[in-house]
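Q: Pasted the sequence and its predicted model underneath.
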Amino acid sequence: MASTLKIDLATVLQTLAGGRMYPAMAPPKPTLPYGVFLQVVGRPNTTLDAHRAGLTRRLFQIDVYDDTYLGADTLHQQLQAAMASATTFKATQISERDLYEPDTKRHRVLTEWSIWAP
C-alpha cells in the first residue's frame, strides 16, 4: 500500500500536465507534456532517545517533459507553484537541471525535492 505522503504528492501533481504525472515511470509513448515522480531516499527521523520523531523527510525526483524547451520550463514553473501550495506536506526544491533527451527529442527539467510530512 502506498504511503500517505506518496498519495498526497500524487494528488498535488495530478493538477499538472492534464493529469499526466506518473509514479516511477511513464507509459510507452506518453502524450506530451507529462511528468514522472519517484522517491529517491526516505527514512524516519528519530529523537536522541530513539523514539520516532513526528516528521519524516523524503527525497523525491520529479521530472517534467515536453517537446519544446519553453514548454518544459512552463510545466516546471507550474510544478513549483503546486508544490508551494501543498497543504499536507512541506516541500523544498533542492536542485533542477535542464536536459535534452536526443533519443526521444524531448526537453526535460529534472528536479529534486526535500519533502517533510507526518
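A: Ah, there it is. Here the structure is a predicted model, which is why all the values come from computation and not from measurement.

Q: Quick check, central residue of this structure?
A: Ile62 (3.2 Å; CA atoms, centre = their mean).

Q: For that residue, what are phi and psi?
A: phi -130, psi 120 (degrees, to the nearest 10).

Q: Can you name the residues bridging to it?
A: Assessed by DSSP bridges, Ile62 has beta-bridge partners Phe37, Thr111.

Q: Please report how far it lies from Gly54.
A: 25 Å (CB to CB, to the nearest Å). For the C-beta atoms, the positions are set from N, CA and C on the backbone; glycine is no exception.

Q: Tell me how far Tyr34 lies from Gln14.
A: 12 Å.

Q: And the two? Which one has more around it.
A: Using other CB atoms under 10 Å as the criterion, Tyr34 and Gln14 rank with Tyr34 on top: 21 against 13.

Q: Let me know the pLDDT of the more buried one.
A: Tyr34 carries a pLDDT value of 98.

Q: if I read this right, it contacts Gly19, doesn't it?
A: No: contact criterion CB atoms under 8 Å: Tyr34 and Gly19 do not qualify, at 9.4 Å.
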